[in-house]
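> My questions are about this predicted structure, shown below with the sequence.
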Amino acid sequence: MMDLSGKVGFITGGGTGIGLACAKRIVAGGGKVALGGRRTEVVEAAASELGDSALAVQCDVTKQESVDAAVAATVDHFGGLHIAVNAAGIGGAGHILNSTAEQFAVVLDTNLTGVFRSMHAEAQPMREGGGGSIVNISSIAAALTHRQMSAYCAAKAGLNMLTQCAADDMGEFGIRVNAVMPGLTKTDLAQPLTSNEAVVEEYKRRMPISRLGEPGDVAGMVAFLLSDEASWITGQCIGVDGGHTIRQGPDLVEPLFSKFLPQ
């Protein structure tokens, strides 16, 4: 277990899935954490499970004022901010010819611009406190094409470059910024994929370690990057994917998308 004693963290999308798994690692490592999410009842239930070391805060990453308020509440409650995980995100599917620019923009607003808003808010108290570590949750879709998932892929590819630019911008303030790129992981967001046997087989056949990921698989790498053990690592986008990114992206058109997307 990574030593995160004395660290205060903030997590967007902290009530479920990878975000919650990261929160559990922070608390287990001796840290304190605020769980941010749009659904207040979800983050409150998760924080209650974690005990006094956790705080629930309402946070909508599509609104800068909401993110600012959530980070300010974290600092007010715990006395500072040292680490952050940006896990909030949405899925998205659509053919270039049959989806709209408005649909494309919705995915980017949460998955890319939402992370910019979050880092903008998180970096202020970190700079004032002498440094920190931010980990963004990207995806193998940042590096591999996924047919009929252009908005999601573009957002995650942009997130990787945003991570590298933020690391370059903020290194002088002692703030490290990295990203992890999970493969298909058993989360609520991925449930439409993980519950489809044909989709699961399509993913598994492209992985040297042929199994789906667990949220804890990803949280382990995140906890390392947040910790002082990773003090000379910044600007990196690391696959946590069973080796998927050394092969090809999945083709989900026949097993899934053909059933509900116009062709």
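Structure's in. What do you need?

> How far off centre is the longest helix anywhere in the chain?
Longest helix in the chain, counting residues (DSSP state H): helix 150-170. Its chain's average C-alpha position is 12 Å from that of helix 150-170, according to Cα atoms, centre = their mean, to the nearest Å.

> Okay, buried residues for that helix please.
150-160, 162-164, 166-167, 170 (16 or more other Cβ atoms under 10 Å). From N, CA and C alone the C-beta is placed, and that goes for glycine too.

> Over to stretch 121-131?
For stretch 121-131, by 16+ other Cβ under 10 Å, it's 121-123, 125-126, 129.

> So which of these is the closest to Gly9?
Glu122 (9.8 Å; Cβ to Cβ).

> Run a quick check on that closest one versus Ala84, I expect a contact.
Yes. Using Cβ atoms under 8 Å, Glu122 is in contact with Ala84, at 4.3 Å.

> In this structure, what helix or strand scores lowest on average pLDDT?
Within the chain, no helix or strand scores below helix 191-194, which has a mean of 93 by mean pLDDT, DSSP states H and E.

> I'd like the next helix or strand past that helix.
Using DSSP states H and E, the helix or strand that follows helix 191-194 in sequence is helix 197-204.

> Which strands or helices does that following helix pack on?
helix 191-194 (3 or more Cβ pairs under 8 Å, 6 or more residues apart in numbering; DSSP states H and E).

> Run through who's touching the helix it packs on.
91, 184, 186-187, 199-200, 203, 212, 252, 256 (Cβ atoms under 8 Å, 6 or more residues apart in numbering).

> one more time with 7 Å
Residues from elsewhere that reach helix 191-194 (Cβ atoms under 7 Å, 6 or more residues apart in numbering): 184, 186, 199-200, 212.

> Farthest pair within the residues you listed?
Pairwise over these, using Cβ to Cβ, the maximum falls at Lys186 and Val199, 12.6 Å.

> the more surrounded of those two?
Val199 (20 against 17; other Cβ atoms under 10 Å).

> The more buried one reaches Leu252, doesn't it?
Yes. Look at Val199 against Leu252 with Cβ atoms under 7 Å: they come within range, at 6.0 Å.

> Helix or strand: which one has Val85?
strand 83-86.

> oh, I was asking about Ile11
strand 8-12.

> list the helices and strands that strand packs on?
The contact analysis (3 or more Cβ pairs under 7 Å, 6 or more residues apart in numbering; DSSP states H and E) places strand 8-12 against helix 17-28, strand 32-37, helix 64-78, strand 83-86.

> let's see 10 Å
When contacts are defined as 3 or more Cβ pairs under 10 Å, 6 or more residues apart in numbering; DSSP states H and E, strand 8-12 sits against helix 17-28, strand 32-37, strand 54-58, helix 64-78, strand 83-86, helix 114-128, strand 132-137.

> now those in a markdown table, with mean pLDDT?
Listed next are the helices and strands packed on strand 8-12 as a markdown table, based on pLDDT from 0 to 100:
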| stretch | mean pLDDT |
| --- | --- |
| helix 17-28 | 98 |
| strand 32-37 | 98 |
| strand 54-58 | 98 |
| helix 64-78 | 98 |
| strand 83-86 | 99 |
| helix 114-128 | 98 |
| strand 132-137 | 99 |
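
> tell me the most buried of those?
strand 83-86 (a mean of 30; mean count of other Cβ atoms under 10 Å).

> what's that one packed up against?
By 3+ Cβ pairs under 10 Å, 6+ apart, strand 83-86 packs against strand 8-12, helix 17-28, strand 32-37, helix 64-78, helix 114-128, strand 132-137, strand 175-182, helix 215-226.

> quick one: that strand to chain centroid distance?
9 Å.

> now stretch 55-63
Distance, centroid of stretch 55-63 to centroid of chain: 14 Å (Cα atoms, centre = their mean).

> Endpoints of that stretch, how far apart?
20 Å (Cα to Cα, to the nearest Å).

> Could you dump the contacts of helix 191-194 into CSV and include distance to Val8 and pLDDT?
As requested, the contacts of helix 191-194 are exported to CSV (distance: Cβ to Cβ, whole Å; pLDDT from 0 to 100):
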residue, distance to Val8, pLDDT
Leu184, 31, 97
Lys186, 28, 97
Val199, 38, 93
Val200, 38, 95
Leu212, 32, 97
